[in-house]
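# sequence-free structure coming up:
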Ligand SMILES: Cc1cc2nc3c(=O)[nH]c(=O)nc-3n(C[C@H](O)[C@H](O)[C@H](O)COP(=O)(O)O)c2cc1C
Ligand code: SF4
Ligand code: SF4
């Protein structure tokens, strides 16, 4: 079995799966349950001056029957006292010395940062995560994403933290920013040991069309909240990649955002993450999901002949670059497997109305009868010369592996946009003709 243990900026953890700072990491009771279920670490619900929360505080996006495809909250940091939180961290560390407990912090002044950083080390926490990402409630008080969105302010505060820190410091970044890399570089300049991302994305999930008040409903009003869950994974992966690929950042990354399966986990590791944090999936399904995530990730590493997570980490990073580097002469076309096609014709409609009008409906006789296809009903046929290989039909097709995007030899050598521009400038080629 592949080794799932990690060393994250000097913090050793039995596996990469950490409970993210949030409702599932609010109490010692939950931390015990998480470790009993097999989690490698817990990032405590953010500790600061205790706040007062509103009721209600969550809302969600249901898509095609999938509950919590996206999840939104207007909850603030811990409503428990710092004493209670630090005491419970000490209790948890005592019982689980080999597991990771990170104290997530959010305070305002330099003195308060020094005090909370010291108290985190004193209670035995393995590291500190700075919550610079909460997008509601705390930013209005000059904390949370108000800090994370301003690299200069973030650099100053990380600097204060580093003055007092004796354990590793992780800066948790907000996605509510034009380019997350600037914030990551600021963390690095100020001496942080690692970064984690993403925190939640500003959102309104829906409007109740009777009351005309969005959820979560609080006495006839609502507020923008923080979006997370499966829907945010693509945004998180992109930001994790951006930080992993940036030579000026060069910090270990804790990947967060929509992780709920071993596949999600493997993708975050391949794009450069060392540890992985999960919040929404635990709120949806409970701590037990970690069993499948650990088994699946180990089995995947074994199947690829990888002995540890280090063999996978960052392996997808170099394959992602600027659009200008892509080969303009590469071509794929859509090919339909008529043994699988059920004749729904969704691909035809998608290509006709939303793409490049190159899937015809033709006499089905030469193609036999696939599963559920009606005799005499036309079948889709791709005109490969006109197909631009956009992928749309294969994405809309409801049958797995029915439409395969297949590379075809164009007979033309690779040419990037950069090459193209250089050749045009040198007069060694004519402009490519526009698409008809
Ligand atoms: C209800 C709720 C409360 C949260 N509270 C905190 C918090 O106190 N501190 C923090 O750093 N992140 C907090 N988060 C953000 C999560 O730690 C995480 O960054 C985000 O939810 C994305 O991960 P996910 O898609 O696995 O939920 C909270 C998230 C939710 C849903
Ligand atoms: S979408 Fe798929 S199943 Fe439906 S007609 Fe097209 S190829 Fe066949
Ligand atoms: S890949 Fe795009 S252009 Fe080609 S057949 Fe499918 S939808 Fe049409």
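Looks like it arrived, so ask away. Bear in mind that the values here come from a model prediction, so they are computed numbers and not experimental data. Numbers count the residues shown, from 1 in each chain. Ligands and ions are numbered 1, 2, ... in the order given.
# now residue 260: how far from residue 398?
From residue 260 over to residue 398 the distance is 23 Å, taken as CB to CB, to the nearest Å. All C-beta atoms are positioned from the backbone trio N, CA, C, and that covers glycine.
# which one's more surrounded, those two?
Using other CB atoms under 10 Å, the more surrounded residue of residue 260 and residue 398 is residue 260, with 20 against 9.
# any idea of the pLDDT on the more buried one?
Per-residue pLDDT puts residue 260 at 98.
# what's the answer for residue 145, then?
75.
# so how many other residues sit close to it?
Residue 145 sits with 24 neighbouring residues when counted by other CB under 10 Å.
# and it, what are its phi and psi?
Per-residue torsions, residue 145: phi -70, psi -20 (degrees, to the nearest 10).
# skipping adjacent residues, who's closest to it in space?
With CB to CB, 6 or more residues apart in numbering as the measure, residue 174 is the residue that lies nearest to residue 145, at 4.2 Å, once sequence neighbours are left out.
# where does the one you found land on pLDDT?
95.
# look up how far ligand 1 lies from it.
10 Å (CB to the nearest ligand atom, to the nearest Å).
# what's the burial count for that residue?
28.
# what sits against it?
132, 133, 135, 144, 145, 148, 149, 180, 183, 198, 199 (CB atoms under 8 Å, 6 or more residues apart in numbering).
# what's the lowest-pLDDT member of these?
Among the contacts of residue 174, residue 135 has the lowest pLDDT, at 71.
# backbone torsions only: list them for residue 218.
Torsion angles, degrees, to the nearest 10, at residue 218: phi -130, psi 100.
# mind listing what it touches?
By CB under 8 Å, 6+ apart, residue 218 lies in contact with 54, 55, 56, 57, 74.
# neighbour-wise, which one of the residues you listed leads?
Tallying neighbours with other CB under 10 Å puts residue 74 at the head of the contacts of residue 218, with 21 neighbours.
# how about it: what's its closest non-neighbour residue?
Per CB to CB, 6+ apart, closest to residue 74 is residue 225, 4.2 Å.
# distance check, that neighbour against residue 356.
39 Å.
# now residue 187
Counting by CB to CB, the gap from residue 187 to residue 356 is 44 Å.
# higher neighbour count, these two?
Legend: neighbour count by other CB under 10 Å for residue 187 and residue 356, higher for residue 187 (28 against 16).
# would it be right to say that the more buried one lies in a strand?
No: looking at residue 187 with DSSP: H, G, I helix; E, B strand; the rest coil, it is helix, so not inside a strand.
# and it, what does it touch?
Residue 187 touches 154, 155, 158, 171, 173, 195, 251, counting by CB under 8 Å, 6+ apart.
# quick check: closest non-adjacent residue to it.
residue 171 (3.9 Å).
# got it, and residue 375?
residue 369 (6.4 Å).
# hmm, that neighbour is touching residue 377, no?
No: under the criterion of CB atoms under 8 Å, residue 369 makes no contact with residue 377, lying 9.7 Å away.
# which one's more surrounded, these two?
Applying other CB under 10 Å to residue 369 and residue 377 shows that residue 369 carries more neighbours, namely 15 against 12.
# need the phi and psi values for that one.
Torsion angles, degrees, to the nearest 10, at residue 369: phi -110, psi 110.
# give me the neighbour count for residue 211.
11.
# ok, residue 24 next?
Applying the criterion other CB under 10 Å, we find 24 residues in the vicinity of residue 24.
# do you have the helices of the stretch 101-250 of the chain handy? List them.
Counting by DSSP state H, counting those that start in this stretch, the segments of the stretch 101-250 of the chain that form helices are 110-122, 145-148, 151-164, 180-189, 233-245.
# by contact count, what packs against the shortest one?
In other words, helix 145-148. Counting by 3 or more CB pairs under 8 Å, 6 or more residues apart in numbering; DSSP states H and E, the packing neighbours recorded for helix 145-148 are helix 151-164.
# also the longest one?
With contacts defined as 3+ CB pairs under 8 Å, 6+ apart, helix 151-164 has these neighbours: helix 110-122, strand 127-131, helix 145-148, strand 169-172, helix 180-189.
# other SSEs contacting the fourth one?
Helices and strands touching strand 169-172, by 3+ CB pairs under 8 Å, 6+ apart, are strand 127-131, helix 151-164, helix 180-189, strand 194-197.
# got the contact list for stretch 316-326?
Contacts of stretch 316-326 (CB under 8 Å, 6+ apart): 241, 244, 245, 267, 270, 271, 272, 416, 417, 418.
# is any part of stretch 331-343 close to ligand 3?
Yes: against ligand 3, stretch 331-343 shows contacts by CB under 6 Å from any ligand atom at residue 334.
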